[in-house]
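Trainee: next one to model:
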Amino acid sequence: MSGIDLTDVVKRFGALTVIDKVNLKVGEGEFVVFVGPSGCGKSTLLRMIAGLEEISDGELQIGGRRMNETPPAERGIAMVFQSYALYPHMSVERNLGFALETARLGAGEIKERVSKVARFLKIEHLLHRRPAQLSGGQQQRVAIGRALVRSQKLFLFDEPLSNLDADLRMEMRVEIARIHRELKATTVYVTHDQLEAMTLADRIVVLKDGRIAQVGTPMELYERPASKFVASFIGAPRMNFLPGTLHRETSASRLEVMGGTHTLGRIDYDGEISIGLRPEDLILGGGEVQIPAQVLLVEPLGGEALVHARVGDGQMLVMKVQGKPDLRPNADITIGWMQSKAHLFGVDESALRAAEA
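Mentor: Numbers count the residues shown, from 1 in each chain. Got it, this is the predicted structure:
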């Protein structure tokens, strides 16, 4: 059993509360990713699960057992750090097997486990090198191998790819996904990179100011964000926001945006709103709702392009279009969208939904 259950978990540093009554269940074999801006508490929460930070209030259970006072070494976890934390004076083989040596396993079993993990990670040819002789990606594989060799059922990753370049990050994302698919170990992964979260996670936990803003599958968070904060954090490029006003009527609602008026399904809300529009949902010269715009910049990205445009009295929009649009700076264009693709948020920044029929 390796599921995790956090109940009203709190972490305080003196008078400062950095984790505030977090409730979360991580199922056995699940891959859960913590994301959020710097200082939101994601690494602190991971370290509390690992036992590297004390829990001020609340309860942590792993596999159905209370772990608040249990030392890290007795929690049945393996952790991979951002810094790799390899022993520079040891070979890769010794780095992989050192934890097994301190656990007093026999030399034969240590060699067998190290060899098996080295084959699994395709680093057999590196066993006699030292960390300084390895690339960043190779060092990361050794760090992961050191966790795997302990045969634990719960893995914790603290921003493990942040020191790698873009190509290596993509390669290691694929590798970590493969490891999880084959081992089926419960995994909690911290990252500031929402692309990593979207591609790796079974579920994403979005944190803000020490609290959970939303939990869901990557597509749930992408398609139905619970708040303007979550909407702006998930997706790249970031969601655009336009000001608007919503008027509730008997059987429908009226939306005013950029001088136009449009009818929506009935939403139980009256007043000013933010309209969230993902760059990939904006349509050049089409859509149910259309507004005039002026091109500022076109960024060609090969098979697609990002069009930066000005609308209204200076509001900026980014639109993702396929191909190579023939647009020049200062050109006048029309940008539109389908009403079903717009996300509406009230003044408290919570999402607004159409009333059920």
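
Trainee: what sits against residue 191?
Mentor: For residue 191, the set of contacting residues under the criterion of Cβ atoms under 8 Å, 6 or more residues apart in numbering consists of 33-35, 159, 161-162, 197. C-beta coordinates here come from the backbone N, C-alpha and C atoms, glycine included.

Trainee: let's see it at 6 Å
Mentor: Residue 191 sits next to 159, 197 when contact means Cβ atoms under 6 Å, 6 or more residues apart in numbering.

Trainee: any idea how far residue 288 is from residue 151?
Mentor: Separation of residue 151 from residue 288 (Cβ to Cβ, to the nearest Å) stands at 56 Å.

Trainee: do residue 145 as well
Mentor: Note on residue 145: its distance to residue 288, by Cβ to Cβ, is 53 Å.

Trainee: of these two, which one has the most company?
Mentor: For residue 145 and residue 288, the more surrounded residue by other Cβ atoms under 10 Å is residue 145, and the numbers stand at 24 against 13.

Trainee: didn't the more buried one look like it was pressed against residue 121?
Mentor: Yes: in this structure, residue 145 sits in contact with residue 121. The criterion is Cβ atoms under 6 Å, and the distance is 5.1 Å.

Trainee: please give the element, helix or strand, for the closest residue to residue 67 other than its chain neighbours.
Mentor: Nearest residue to residue 67 in three dimensions, chain neighbours excluded: residue 60, at 4.9 Å (Cβ to Cβ, 6 or more residues apart in numbering). Per DSSP states H and E, residue 60 falls inside strand 57-62.

Trainee: can you pull the contacts of residue 206?
Mentor: Applying Cβ under 6 Å, 6+ apart to residue 206 gives the contacts 35-36, 213-214, 230.

Trainee: let me see the backbone angles for it.
Mentor: With angles defined as degrees, to the nearest 10, residue 206 sits at phi -90, psi 120.

Trainee: what bridges to it?
Mentor: Here residue 206 sits in beta bridges with residue 35, residue 214, as judged by DSSP bridges.

Trainee: on the pLDDT front, check it for me.
Mentor: In the predicted model, residue 206 carries a pLDDT score of 96.

Trainee: any idea how far it is from residue 231?
Mentor: According to Cβ to Cβ, residue 206 and residue 231 sit 10 Å apart.

Trainee: report the residue spans of the stretch 1-150 of the chain with pLDDT below the cut-off.
Mentor: Applying pLDDT under 70 to the stretch 1-150 of the chain flags the ranges 1.

Trainee: can you list the buried residues in stretch 163-173?
Mentor: Neighbour counts over stretch 163-173 (16 or more other Cβ atoms under 10 Å) mark 164, 168-169, 171-173 as buried.

Trainee: dump the residues you listed into TSV; add secondary structure and distance to residue 247 as well.
Mentor: TSV is the format used below for the buried residues of stretch 163-173 (DSSP: H, G, I helix; E, B strand; the rest coil; distance: Cβ to Cβ, whole Å):
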residue	secondary structure	distance to residue 247
164	coil	51
168	helix	52
169	helix	47
171	helix	52
172	helix	50
173	helix	46
